[in-house]
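Visitor: Sequence below, structure please.
(2 chains)
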Protein chains: 2
Amino acid sequence: MKKEEFSRPLNLKNVKITDGFWHAAQETVRREVIPYQWEALNDRVEGAAPSYCMHNFRAAARLMERKRKNPAFAEPSYSFRGFETLPPDPAHLEPDRFYGFVFQDSDFYKWVEAAAYSLANHPDPRLEATVEEAVEAICAAQHDSGYLDTYYILNGMDRAFTNLKDHHELYCLGHLVEGAVAYYEATGKDKLLRAACRFADCVDARFGPEPEKRKGYPGHEIAEMALARLYEATGEERYRRLSQFFLDQRGTAPNYFLQEDKERAAYEGKPAPTGGQERYAYYQAHKPVREQEEAVGHAVRAGYLYSGMADVARLTGDEALFAACQRLWNSIVKEKLYITGGVGGTVHGEAFSYPFDLPNDAAYSETCAAIALAFFARRMLEIQPKAQYADVMELALYNTVLAGMALDGKSFFYVNPLEVNPAACKADERLRHVEPVRQKWFGCACCPPNIARTVSSVGAYAFTENETTLFTHLYIGGGLTTRQGLSLTVESGLPWTGGAKMKVETDAPAKYTLAFRKPGWCETPVFTAPAHAERTEKDGYVYFTGLWRTGDQIQMDFPMEVRLNGASPLVRENLGLAAVTCGPLCYCLEQADNGGGLHLLRVDAAKLGEGKREPIAIGGREMRAITLPGFCQKPPEPGAPLYTVYARPEETPADLKFVPYYAWANRGPGEMRVWVRVC
Amino acid sequence: MKKEEFSRPLNLKNVKITDGFWHAAQETVRREVIPYQWEALNDRVEGAAPSYCMHNFRAAARLMERKRKNPAFAEPSYSFRGFETLPPDPAHLEPDRFYGFVFQDSDFYKWVEAAAYSLANHPDPRLEATVEEAVEAICAAQHDSGYLDTYYILNGMDRAFTNLKDHHELYCLGHLVEGAVAYYEATGKDKLLRAACRFADCVDARFGPEPEKRKGYPGHEIAEMALARLYEATGEERYRRLSQFFLDQRGTAPNYFLQEDKERAAYEGKPAPTGGQERYAYYQAHKPVREQEEAVGHAVRAGYLYSGMADVARLTGDEALFAACQRLWNSIVKEKLYITGGVGGTVHGEAFSYPFDLPNDAAYSETCAAIALAFFARRMLEIQPKAQYADVMELALYNTVLAGMALDGKSFFYVNPLEVNPAACKADERLRHVEPVRQKWFGCACCPPNIARTVSSVGAYAFTENETTLFTHLYIGGGLTTRQGLSLTVESGLPWTGGAKMKVETDAPAKYTLAFRKPGWCETPVFTAPAHAERTEKDGYVYFTGLWRTGDQIQMDFPMEVRLNGASPLVRENLGLAAVTCGPLCYCLEQADNGGGLHLLRVDAAKLGEGKREPIAIGGREMRAITLPGFCQKPPEPGAPLYTVYARPEETPADLKFVPYYAWANRGPGEMRVWVRVC
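Guide: Residues are numbered from 1 along each chain as shown, chains lettered A, B, ... in the order given. The predicted model follows:
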């Protein structure tokens, strides 16, 4: 870990994405997703599961208002009312009652973060006015103590902070901080930021290493990276220390969650829980974070934790913590990563499965988990610019993250399988988590706003900078201005062609290093730079150092071949199968192009060179399809015997047409598969 | 359906199994399983889940005794006490309380049926005395009304027959009848039979087509076939009519289970259930049985129902009912049958999955479901002697049924997967139902006694007879005496070699037909009979009709080749895979012979002819292993990348050693797989 290599994303006001691919996605988010989600937060979308999010804030604000007017007003005392996800009529909610999941507040925080990134790029007074109005409600709902979670404000503060494990107060804090900092950075307005600081202060007063404080930490991680971000936005050391405390404390003995479970059991008059702390692996609290070697448990939580660990390692120079990050990174990418950039092999706990268990049809591969992986990858890149991190980040962003959203921005996947048979999804209880078409909105609506905030901030993943160097991790077209005032324009043909260039514009020539990732998917990347620039290479990055002048340009040429990929033979599901990629994109077969019975198709590995790339329009977007020669096994006659003497299957030649995975399921329900037979 | 083709099993007193293969299994049942299970029924096996079965009978007997002594004695009134499967200390049960599952009584009934078959073949005064003592307790527990289910007798008769759907009163009736008839046929003792008739009469008084009777039928089928058997044992028409009523009524509208659910909801003050009758597919009560086309729902229930349908079709000459049996048979064997003779692709509902969904590692393939399939097959054979029924019956009996029991008879499989990786079973929640080693006894102990009764009565599957013909369905060595008094001796090398012969012994020459199945696994069966016998063929059976004299013999020669089998390409799990069979046996790879990583092995289909069969001893039993030439894919280096450019895998030649599936998991935990890569 070398401090001089550290880098950070640019303020998004200084990065304008303009290329056809990502700009289109950002525009979909800006025009469709953000307005739609605001309606959803206010329970005004017919046919979608209600959010109750803004209802809860407004109810809490009314309660706080009554209290402020009448200091003798008695706040509610806690009585557990259960998870009311579907009251009979969302139009007639009891005005003082909390509805929805315990983490429902976070729906707004994710939304405001997405709105903030969008505003940074694309000022929009109407959207800003909507945010302002909402921020008023949120701040009005905040408890005098600084506490801000409407579940306990409405149900009774006497039981606040008694179930860190499963009630998401610290998760809500984390998302509040993320949203507030983003909104502050985009607009300069600090009302929500101050509310976030007050809540963080309230938590800091209660939890920490000091003897009088509780030793808790989040059940669902995110506060760790959020507090690091709050520290960087405000300079307040206490927030960094609180984040560090959460990490240091996590999974140590005696286990806090076990202690909490026991206290709660005593309170509820139930038998005390028994058993060791391995049960807390779901929460990554089974052992101290510095001792963790295998990525385990709920995949989103895990990714958020590892991101927070990387942030704190960077901020504190903690080598042991960074070493743990590297081990966990390797555990993911060498044993637990789908070729689509997704993670989480099992629906049970929405979790990482055991090493090399990567089922295609029963995959969980939650959209949010791919987002969390991109978070983690970027933070590793911030510490060490190594192409391996950017390769995985690119895979996650271009494939699973984008697949989470329909091309029209109107429906979303929570789960991203690599093989779908709609009939099986319907008939097979084991696939009950797999939907063959995207859904409008979920009761547990983490993924849609998470996609919105990630897509809107993709500029923060493409580029990072430090005092001397601008790193280009992803080849996304746009304009940016570095800290030193260097204006740069990037043009990119990705993900369809491998050409890109960066042009310099500057009033005053400046000495600076421009660093570029060599994409892992390209065998022979070529960089052409002005003669004055000195070229070096390290860890998959090419560095050009020079005195840059207007008109200088660096040209990238990344020959983009259609590639057949094999999986490690330890991935039992994929023996005899191959997956098609081209550049950063993973491709798949869809019934819309190939008819039903996709498992009967076989790609001819020897004829890969005869493959064709050709334009295709899906959901009104132009993209490229890949057609490869192969075979189709003859389907059996109706009523044929189930078992016969083995014979080499009868096959007829067939063209296999692949489309980008991110664009699948935009043409109605049908079969899909990423891994195709190759022998 | 032609009456003259109908046949029935011989009384088991007239069939003595002597061959090495099945006699060994029967001896294991007689020496180990039956005594062990008696201990288990009495909760005297340490480390095994308690049964509570005999406790419940004795508790009910005490209650009835008190009532008989004091006519004013108040029976308990129903209060639901829940499924108490594991009270703190089985040695200190409350004497008047019911423990275990609602169907716990059936544990004894299955046991007494197994004991009866064993006594038929192998008289054993000590075992008979044990049975007698138990029968006293069972009969003492019977309610004055004839009702006999200790769950309601102990918990309150006021709620008897209010939950036919999920409380197994009619299931217990069915098993009582099966056990009682078997014991009567083996010993001539009718005390238990009379108790069974009284319970059947009690049920008959309550359910039936008459306007004053309820229109219910069993939630878990078996009473249908049991009542048919009771009719054949006693000649009492009412039992046949009751069986027929249960079948006629099942799945008709308005649905009885829905009505019952509504009544129970009203009684319990819960909201009335909504929805149509498709929800009762689990119980095969989603539509009238004559209209059912696809085998669905709980696989054991389904097999028992179809068996009852076949019995009633035979007894009543009901062509429509038989046509339904044929459709359901085809649904199973053409779309839902494992190559091991197992059925039930999914743990969810222990059920048939959708057509061609036959996962190997997540298979349910319950031992009892294979037994139920053998029941169904034999009943189809009783109606129509077609080799296709016997082929499937043989597959189920020689493979999945036998695999359910350890070779030493001391542990049992409930679930019979076709692929096991012990590490995955431990780590993967989706495989929580799959055990890599057999268990001693289960709380829900249906399978162990079901295996015991089936193995003990295998003679009833091998041979059936009618006035003119003796059918040999399975080639099992032994001696038998036909209704006409013809003594026959069968010698058989199966399942290891394909030679068998039947010798005749008779005091008076008799005209008779001896019919033999041509095994589906043999391409060129050769039958050699005395010149005087006239040979005909039909439906895979060869018929020899003649005037048989002592010394006549018929010789069978069934060349037994090692066979590689392929599955229909609609079975997605098995594309590119093959399974090894030889004669009636299905084979598998085990880690004990081949090391770990069985999925890396590939059999060389072109070199099948170089395969070797050689002796192997497993669990102290002599059997044959099959060694085939093939390849082993090189495992990856530790830390190798998860995905690389596809290349044909590096392989080294390897000998693949297969052992019979029924004998797997007798050498400690390890990997196993039936389907092996072939390309």
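
Visitor: CA atoms for contacts and neighbours, from now on please.
Guide: Will do.

Visitor: my guess is residue A:534 meets residue A:542, correct?
Guide: No - the pair residue A:534 and residue A:542 does not pass the contact test of Cα atoms under 8 Å, sitting 10.2 Å apart.

Visitor: In terms of neighbours, single out the busier of the two.
Guide: Neighbours were tallied for residue A:534 and for residue A:542 using other Cα atoms under 10 Å in any protein chain shown; the higher tally belongs to residue A:542 (19 against 13).

Visitor: quick one, strands of the stretch 551-679 of chain A?
Guide: A:553-557, A:562-567, A:577-582, A:585-590, A:601-603, A:612-618, A:621-633, A:643-645, A:651-660, A:672-673, A:675-677 (DSSP state E, counting those that start in this stretch).

Visitor: now for the fifth one, which elements pack on it?
Guide: In this structure, strand A:601-603 makes packing contacts with strand A:621-633, strand A:651-660, strand A:675-677, judged by 3 or more Cα pairs under 8 Å, 6 or more residues apart in numbering or on different chains; DSSP states H and E.

Visitor: Pull up the gap between residue A:77 and chain B, please.
Guide: Going from residue A:77 to chain B by Cα to the nearest Cα, to the nearest Å gives 30 Å.

Visitor: now swap in residue A:616 and tell me
Guide: Taking Cα to the nearest Cα as the criterion, residue A:616 is separated from chain B by 26 Å.

Visitor: How many neighbouring residues does that residue have?
Guide: Other residues within reach of residue A:616, judged by other Cα under 10 Å, total 14.

Visitor: so which of the strands of the stretch 551-679 of chain A gets nearest residue B:199?
Guide: Ranking the strands of the stretch 551-679 of chain A by proximity to residue B:199 (Cα to Cα) places strand A:643-645 first, at 44.4 Å.

Visitor: partner strands of that closest one, parallel or antiparallel?
Guide: Using DSSP bridges, the strands paired with strand A:643-645 are strand B:562-567 (antiparallel).

Visitor: quick one: average confidence on the strand it pairs with?
Guide: The average pLDDT within strand B:562-567 is 97.

Visitor: Restrict it to CA atoms and write it as CSV.
Guide: Below are the C-alpha coordinates for strand B:562-567, written out as CSV (Å, rounded to 0.1, in the frame of the first residue of the first chain):
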residue,chain,number,x,y,z
VAL,B,562,-22.5,-53.6,-20.0
ARG,B,563,-24.7,-50.9,-21.4
LEU,B,564,-24.2,-47.1,-21.7
ASN,B,565,-27.5,-45.3,-21.5
GLY,B,566,-28.4,-41.9,-22.6
ALA,B,567,-31.3,-39.8,-21.4
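
Visitor: Name the residues of the stretch 301-450 of chain A found near chain B, please.
Guide: Selection of the stretch 301-450 of chain A residues close to chain B by Cα under 8 Å from any Cα of the partner chain yields A:333-335, A:337, A:339, A:348, A:353-354, A:424, A:427-430.

Visitor: Show me where the stretch 301-450 of chain A dips below the pLDDT cut-off.
Guide: For the stretch 301-450 of chain A, applying pLDDT under 70 flags the ranges A:441-444.

Visitor: What segments of it are helices?
Guide: A:319-335, A:367-383, A:387-395, A:402-403, A:422-427, A:447-456 (DSSP state H, counting those that start in this stretch).

Visitor: so which of the helices and strands packed on strand A:601-603 gets nearest chain B?
Guide: Of all the helices and strands packed on strand A:601-603, strand A:621-633 sits nearest to chain B, with 8.0 Å by Cα to the nearest Cα.

Visitor: Counting neighbours, what do you get for residue A:126?
Guide: Using other Cα under 10 Å, the number of residues around residue A:126 comes to 9.

Visitor: so how far is chain B from it?
Guide: Per Cα to the nearest Cα, residue A:126 is found 47 Å from chain B.

Visitor: what does residue A:537 give?
Guide: Using Cα to the nearest Cα, we find residue A:537 at a distance of 23 Å from chain B.

Visitor: Run a quick neighbour tally on the closest residue to residue A:474 other than its chain neighbours.
Guide: When the adjacent residues along the chain are set aside, residue A:474 lies closest to residue A:462, with 4.4 Å between them (Cα to Cα, 6 or more residues apart in numbering or on different chains). Using other Cα under 10 Å, residue A:462 has 22 other residues around it.

Visitor: swap in residue A:190?
Guide: By the measure other Cα under 10 Å, the count of residues near residue A:190 is 14.
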